[in-house]
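Enquirer: Predicted coordinates and the sequence they were generated for:
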Amino acid sequence: MSTCYLPHAPASVSTARRSLNRDLISWGVADDVADDAAVILSELLSNALRHARPLPGGEGEVKVSWIKVGDTVELAVTDGGAITEPRKGQPALSSLGGRGLGIVEILSQSWGVRRDDQGNTVWAHLHAPVGYANGERGAPMQNLRQVTR
C-alpha cells in the first residue's frame, strides 16, 4: 500500500499521478490500466480539492492512497469532508464541470464513499491485471513487490 499526505492544492494532482504511475509500473500493471488509474485518481483528488476541506489537524492536507490486491487496485482520497456528499452529477452539455465521478464510474469497477469522524474517503476499484514487460509477449511479469510507505 502506498499512502501520501499532500497539500490541499492543485499541484498535488500531478504529484499523486506521478507516484501512482511509478508504483503501478513497478507492480507490472498494464499501461492502459495505469492510464485509467491516473485519470481516476486525478478526478477523485480534484473533487476533494474543489469541494472539500483539508483533513483536520491544521496541516492543510489530503490523504491519497492506493493498494493492489490480486487483480484489483483500490484508489482512495481522504479529505476533511464537505457540506454535500460526493455523488455523480448530471451536468448540462454546456457545463464546464460536474463530470468527474461519471468518469470514475465508467473507468472503475465500483466506487463509493466511506465516512468517519475525520472526514470522507472516496474510493474506486479498478481491474488491474499484470501487464507484460517491455512489450514482450508471453508470461506476465512475475515477482511483483508491494511497497509500504
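Expert: Looks like it came in fine.
Enquirer: C-alpha only now, for contacts and for neighbours.
Expert: OK.
Enquirer: Now do the contacts for L55.
Expert: Residues in contact with L55 (C-alpha atoms under 8 Å, 6 or more residues apart in numbering) are E61, V62, K63, T78, D79, G80, G81, Q118, G119.
Enquirer: Was I right to think the third one contacts V77?
Expert: Think K63. Yes - using C-alpha atoms under 8 Å, K63 is in contact with V77, at 5.7 Å.
Enquirer: Could you report the neighbour count for the closest residue to D36 other than its chain neighbours?
Expert: Excluding the flanking residues, the one nearest D36 by C-alpha to C-alpha, 6 or more residues apart in numbering is L107, at 6.4 Å. Around L107 there are 19 other residues, counting by other C-alpha atoms under 10 Å.
Enquirer: measure L107 to D117 for me?
Expert: According to C-alpha to C-alpha, to the nearest Å, L107 stands 29 Å off from D117.
Enquirer: And for S26?
Expert: Relative to D117, and taking C-alpha to C-alpha, S26 is found at 34 Å.
Enquirer: Who has more neighbours out of the two?
Expert: Per other C-alpha under 10 Å, whichever of S26 and D117 has more neighbours is S26, with 15 against 8.
Enquirer: where does the closest residue to S108 other than its chain neighbours land in three-state SS?
Expert: Counting by C-alpha to C-alpha, 6+ apart, S108 lies nearest to L126, which is 4.8 Å off, once chain neighbours are set aside. Of the three states, L126 takes strand under DSSP: H, G, I helix; E, B strand; the rest coil.
Enquirer: contacting residues around L126?
Expert: L126 touches A37, T72, V73, E74, L107, S108, Q109, S110, counting by C-alpha under 8 Å, 6+ apart.
Enquirer: most surrounded residue in these?
Expert: A37 (28 neighbours).
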